[in-house]
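**Q** okay, predicted coordinates and the sequence, questions at the end:
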Amino acid sequence: MSSPLWKRGVRGDFVEIFKSIGVRGPMEFYIKVLEITCLHTILVLGAYLMTGLTGLFSLGQGGFVSIGAYTASIAYLHFNVPFPMAILMAVLMGSAVGFLIGIPTLRLHRDYFLLVTFGFGEMIRAALLHLAQLTGGALGIAGIPKLVDLPMILISILFITFLIYNLKRSRFGRNCIAIRDDELAASLMGINVYSHKMKVFILSSAITSYGGALYAFLIMFIEPNLFNWLESAKLIIITFVGGVNSITGAIIASVVYYSFGEFFRFVDVWRDVLLALAVLFVTIFRPGGIFGSWELSPTKLFSWRAKKG
Amino acid sequence: MELNILLQQIFNGISLGGVYALEAVGFGIIFNILKFSNFSHSGVVAISAYFGFFVSRYIYTHFLVTLIITTLAGGLIGVIIEKLIFRPIRLKGAPLTLFLVNSITAAMLVQQFFAATLGDDYYPYPVFMKQTSINIGNLTISKTYTLMLIISGLVLLLLTYVLKRTKVGIALRAASTDIRTPSLMGVNIDFVISVAFFIAGVLGGITGYLLGMTYSVDPFIGSMILKGIIAAIIGGMGSLGGGVIAGLLLGGAECLLIAEIGSSLTQIVIYSGIFVLLLIRPEGIAGKRYIIKA
């Protein structure tokens, strides 16, 4: 940061940003912002499934992002696996690791689960740094081709949202919400807590590593410090701001935060300060999150129109 | 490895472990009462580390005086955080996850605030001692590490006295068992919680000062606290003694492993060790099995 924020023109900064990320004009810049925003929204949806729906508090999401990104790009670059297969491999790898991590940890009490997933994220980071022949160590992997474009990410988001939305309204989803609200009561009602948590954890890991794989082919460069525990925590925090019970809230909060971050790249670190302050205000004055349990649903939209007309 | 280097590493490890133990205890006190993992403790540590730096560099350079000032400031910061962030949601009867979210957010706020205002620069503490090490036989012992060990030991002893003998300490322990019953018996539970945050803040202040003195201050100094949180958890949540033992073990293991196999493998080994430990003994080294109450 050369000169203080308030002395620099906003416009000049945009031009600098255009140059730095190699885009030609505003339109391309907007598309880029949208792509990055949507990509993070996929990750937020993965976190929502876990924290919002089932109440599992994981700081290891970053580990799954890295697993997805590295699996896909190593498969594509070193073993010449075709692109769709590489993505599929990343998802399978993420689910498998999720299953393995889940076996011992999902029986643990909440804070232990938090610690173990945190340790898992750090372990993945250290392992990526250590296995330098395969992963390039601290230098990361560069030269990944850009094979992901906006339509593909948008379709993915729509699909994942559809999946989670239906999951939430199914018997399975209601059981998960019961587990989140009161684990003991849920298990007394005959819900198999462990198996539900396991399924949610695997699904969430799959979504997160899918997001990671897309990330690699969108940003074209990955490194072990891609996602530290703070980034993982941010995903969860965003679902809480949006509304613990609301997919709509999670998506809106994520889009606002990440697009804000990309547009105002020159405020850089201040955006996290702002996010933190916003979160504190929301949790103190509106503990249920901005949207509470309100959902935007097509049926409601149509019935509202019908009533009006 | 030669014997004297081995001994030296063990000594350094135990000194570092003493700081981890302080962190673990500061973290455990809050967990005992409010039953959530207080990540905002890292915020207290970071603020105190910067505070200690500014006091010792620009106002008064004396090890003990600045240590005491920083410690008190840490306690005050702890109380302020409790009043601003945790009391409002506690009074609304918010679920425990919300406490967790708020504490992580507070940690993020502090870290990013320092990163935004002071940048990624390192701020080294002024040098307090002319001679940095003592030679005993063919052992070279760093004075900073010795101070770290002595101060952590003294503070832990003092804390044990406060918890066992004073009225507030008894109230604290009562509130740890059950937070509602003491309040029905006429204990001012708001005050007890404030005291808990004050004690945790004091411990955080000392930790921040010692860490800042040993390494140097940068915005990410708060992440050091994560080792303390790990120590608290493998020690057994709610058991302060277990936290101390786990902290010492963790510090010793870390120093030895880093000297032997390098830092990136150390991380892997330590986290897998914790993983295995929790698999065998989910309640931690000294903890009681956690009963989920409805």
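**A** That came through fine.
**Q** wait, what's in contact with the most centrally placed residue in chain A?
**A** Residue closest to the mean C-alpha point of chain A, counted by Cα atoms, centre = their mean, is residue A:43 at 1.6 Å. By Cβ atoms under 8 Å, 6 or more residues apart in numbering or on different chains, residue A:43 lies in contact with A:61, A:65, A:207, A:208, A:211, A:235. Glycine gets a C-beta too; all of them are placed from N, C-alpha and C.
**Q** and of those residues, the nearest to chain B?
**A** The closest of the contacts of residue A:43 to chain B turns out to be residue A:235 (Cβ to the nearest Cβ; 11.2 Å).
**Q** gap between the closest one and residue B:159?
**A** 36 Å (Cβ to Cβ, to the nearest Å).
**Q** which one of the two has more residues nearby?
**A** residue A:235 (27 against 20; other Cβ atoms under 10 Å in any protein chain shown).
**Q** skipping adjacent residues, who's closest to that one in space?
**A** residue A:47 (3.9 Å; Cβ to Cβ, 6 or more residues apart in numbering or on different chains).
**Q** now that neighbour: how far from chain B?
**A** Separation of residue A:47 from chain B (Cβ to the nearest Cβ, to the nearest Å): 12 Å.
**Q** and that residue, that's in a helix?
**A** Yes - using DSSP: H, G, I helix; E, B strand; the rest coil, the secondary structure at residue A:47 is a helix.
**Q** list the contacts of it.
**A** Per Cβ under 8 Å, 6+ apart, neighbours of residue A:47: A:58, A:61, A:204, A:208, A:232, A:235, A:236, A:238, A:239.
**Q** top of these by number of neighbours, please.
**A** residue A:208 (34 neighbours).
**Q** tell me the pLDDT of it.
**A** What the model reports for residue A:208 is a pLDDT of 94.
**Q** residue B:87 too?
**A** 90.
**Q** regarding it, which helix or strand does it belong to?
**A** helix B:87-91 (DSSP states H and E).
**Q** so what's the residue of the stretch 51-200 of chain A found nearest chain B up against?
**A** Nearest residue of the stretch 51-200 of chain A to chain B, counting by Cβ to the nearest Cβ: residue A:126, 3.6 Å away. Shown in contact with residue A:126 (Cβ under 8 Å, 6+ apart): B:264, B:265, B:267, B:268, B:271.
**Q** and with 10 Å instead?
**A** A:224, B:263, B:264, B:265, B:266, B:267, B:268, B:269, B:270, B:271 (Cβ atoms under 10 Å, 6 or more residues apart in numbering or on different chains).
**Q** skipping its backbone neighbours, what lies nearest it in space?
**A** Counting by Cβ to Cβ, 6+ apart, the residue nearest residue A:126 is residue B:267, at 3.6 Å.
**Q** any stretches of the stretch 101-250 of chain B with poor pLDDT?
**A** The model of the stretch 101-250 of chain B has pLDDT under 70 over residues B:129-132, B:238.
**Q** let's see 90
**A** Applying pLDDT under 90 to the stretch 101-250 of chain B flags residues B:101-102, B:104, B:107-108, B:110-153, B:155-157, B:159-160, B:162-190, B:209-250.
**Q** how about the stretch 151-300 of chain A?
**A** For the stretch 151-300 of chain A, the stretches flagged by pLDDT under 90 are A:151-152, A:165, A:168-169, A:177, A:179-187, A:189-190, A:218-300.
**Q** state the distance from residue A:90 to residue A:76.
**A** From residue A:90 to residue A:76 the distance is 10 Å (Cβ to Cβ).
**Q** residue A:259 too?
**A** 28 Å.
**Q** my guess is residue A:103 contacts residue B:275. True?
**A** No - contact criterion Cβ atoms under 10 Å: residue A:103 and residue B:275 do not qualify, at 11.1 Å.
**Q** and those two? which has more neighbours close in?
**A** Taking other Cβ under 10 Å, residue A:103 and residue B:275 do not tie; residue B:275 has more neighbours (17 against 11).
**Q** who are the contact partners of that one?
**A** Residues in contact with residue B:275 (Cβ under 10 Å, 6+ apart) are A:101, A:104, A:105, A:115, A:116, A:119, A:120, A:123.
**Q** quick check, pLDDT for it.
**A** Residue-level pLDDT assigned to residue B:275 equals 80.
**Q** SS state for it?
**A** Assignment for residue B:275 (three-state DSSP): helix.
**Q** how near is the residue of the stretch 51-200 of chain A closest to chain B to residue B:215?
**A** For residue A:126 relative to residue B:215 (Cβ to Cβ), the value is 20 Å.
**Q** now residue B:148, nearest residue through space, not along the chain?
**A** Using Cβ to Cβ, 6+ apart, the closest residue to residue B:148 is residue B:15 (4.5 Å).
**Q** ditto for residue A:253
**A** residue A:242 (3.4 Å).
**Q** which one of residue A:259 and residue A:76 has more residues nearby?
**A** Neighbour count, other Cβ under 10 Å: between residue A:259 and residue A:76, residue A:76 has more, with 24 against 18.
**Q** show the contacting residues for the more buried one.
**A** Applying Cβ under 10 Å, 6+ apart, the residues near residue A:76 are A:82-83, A:85-87, A:89-90, A:141, A:144-145, A:147, A:213, A:216-217.
**Q** just residue B:277 next, same as before
**A** B:233, B:234, B:246, B:284, B:285.
**Q** out of those, who's nearest residue B:66?
**A** Taking Cβ to Cβ as the measure, residue B:66 lies nearest residue B:246 of the contacts of residue B:277, at 29.5 Å.
**Q** the helix or strand hosting the closest one packs against which elements?
**A** Using DSSP H and E, residue B:246 sits within helix B:240-261. Counting contacts by 3 or more Cβ pairs under 10 Å, 6 or more residues apart in numbering or on different chains; DSSP states H and E, helix B:240-261 packs against helix B:3-34, helix B:143-165, helix B:225-235, helix B:263-280.
**Q** could I get it in PDB with only the CA atoms?
**A** Provided in PDB are the C-alpha atoms of helix B:240-261 (Å, rounded to 0.1, in the frame of the first residue of the first chain):
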ATOM      1  CA  LEU B 240      -6.900 -27.100  34.100                       C
ATOM      2  CA  GLY B 241      -4.300 -29.500  35.400                       C
ATOM      3  CA  GLY B 242      -4.700 -31.600  32.300                       C
ATOM      4  CA  GLY B 243      -4.200 -28.500  30.200                       C
ATOM      5  CA  VAL B 244      -0.900 -27.700  31.900                       C
ATOM      6  CA  ILE B 245       0.400 -31.300  31.400                       C
ATOM      7  CA  ALA B 246      -0.700 -31.300  27.800                       C
ATOM      8  CA  GLY B 247       0.900 -27.900  27.200                       C
ATOM      9  CA  LEU B 248       4.200 -29.000  28.600                       C
ATOM     10  CA  LEU B 249       4.100 -32.300  26.600                       C
ATOM     11  CA  LEU B 250       3.200 -30.400  23.400                       C
ATOM     12  CA  GLY B 251       5.900 -27.800  23.800                       C
ATOM     13  CA  GLY B 252       8.500 -30.500  24.500                       C
ATOM     14  CA  ALA B 253       7.400 -32.700  21.700                       C
ATOM     15  CA  GLU B 254       7.400 -29.800  19.300                       C
ATOM     16  CA  CYS B 255      10.900 -28.600  20.000                       C
ATOM     17  CA  LEU B 256      12.300 -32.100  19.800                       C
ATOM     18  CA  LEU B 257      10.500 -32.900  16.600                       C
ATOM     19  CA  ILE B 258      11.400 -29.700  14.900                       C
ATOM     20  CA  ALA B 259      15.100 -30.200  15.800                       C
ATOM     21  CA  GLU B 260      14.900 -33.800  14.600                       C
ATOM     22  CA  ILE B 261      12.700 -33.900  11.500                       C
END
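**Q** what are the buried residues along it?
**A** B:240-259 (16 or more other Cβ atoms under 10 Å in any protein chain shown).
**Q** do the same with stretch B:133-147
**A** Buried-residue list, stretch B:133-147, by 16+ other Cβ under 10 Å: B:141, B:142, B:144, B:145, B:147.
**Q** what lies in contact with it?
**A** B:2-5, B:7-8, B:11-16, B:18-19, B:63, B:67, B:125, B:128-132, B:148-149, B:210, B:213-215, B:255.
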